[in-house]
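> predicted structure and sequence below. I'll ask about it afterward.
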Amino acid sequence: MMNIAQYLDSTYLKTPAQSGLSEEETLQKDKDLAQEAIDNGIFAVMIRPDYVSEIKKYILERNSDVVVGTVIGFHEGTYSVDEKLAEAEKAIADGADELDFVINYNAYLKGDLDLVKDEFVKCTQLCLEHHKAAKWIIEIAALTDKQIADLTRNISIWAEERFSENDWSKIFVKSSTGFYETQDGKPNGATFEGIKIMLENAGKLPVKAAGGVRTPQDAEKMISMGVQRIGTSSALALIKNHSVSEGY
């Protein structure tokens, strides 16, 4: 059986207000997530920026190389470029290894491609200068198939125009936040169809499937398609060969 743990970003992104937990309880959930990753060879934990410093410290104290990732401009993506840069700078200072930015897909849908390109270039440059990975969430549930292809292709073109080939492996296109509200029960995370479109248009950039991966078989299929990372709130269940019915 495929070792899927090395592809997983084990994720907890609810704020205390969203979960009904306290700050202390949320931090403990993040510590539990980190320990689970350490114990099971899971590649990364993906948490909110407020908890990066504590979780990085927790992982280092245990001599682990589990990667710490966080989200920027989450989850709407409508933060200004300066706001995203400021949030990213703090996350890097706090020890984040990877930064998952929500691209301003609303600006893209309004035709403001210049704004989207500007934030992509500036925020990616900041990450690369600090030897961090930048992952760009395009929120495929908000886009048509044609728009998924076009936005993915544009990100690929901008990356190849502005950054060294040596850096392309650190610039991901990612499917979803897991927080987008869809209508009529439609999926708000990665789908095989959406991921296929992304892979066909990402050029040399890696693709991350986030949300909606419910079974080990789904994870293996995504990986066999060419996905290099999977974001999930059910990482342990997947590597223990269990299926999950809900969650990110």
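Everything's here; your move. Being a predicted model, the structure only gives us computed values, none of them experimental.
> my read: residue 101 touches residue 72, true?
Yes: here residue 101 reaches residue 72: they are 4.6 Å apart, a contact under CB atoms under 8 Å. The C-beta positions use only the backbone N, C-alpha and C, and glycine is treated the same way.
> joint contacts of the two?
Residues touching both residue 101 and residue 72 (CB atoms under 8 Å, 6 or more residues apart in numbering): 84, 88, 123.
> now the residues you listed: which count as buried?
84, 88, 123 (16 or more other CB atoms under 10 Å).
> state whether the second one is indeed within a helix.
Yes: read with DSSP: H, G, I helix; E, B strand; the rest coil, residue 88 is one of the residues of a helix.
> before we move on, what SS does residue 122 have?
Residue 122 - assigned by three-state DSSP - is helix.
> could I get the pLDDT score of the residue nearest the centre of the chain?
Taking CA atoms, centre = their mean, the centroid of the chain lies closest to residue 100, which sits 4.6 Å from it. Listed pLDDT for residue 100 reads 98.
> in its sheet, what does the host helix or strand of it sit against?
Here residue 100 is covered by strand 98-102, with elements defined by DSSP states H and E. When sheet partners are counted by DSSP bridges, strand 98-102 sits next to strand 67-72 (parallel), strand 133-137 (parallel).
> got the buried residues for stretch 29-48?
29-31, 33-38, 42-48.
> mind checking which of those residues land in helices?
Within these, residues falling in helices by DSSP state H are 29, 30, 31, 33, 34, 35, 36, 37, 38.
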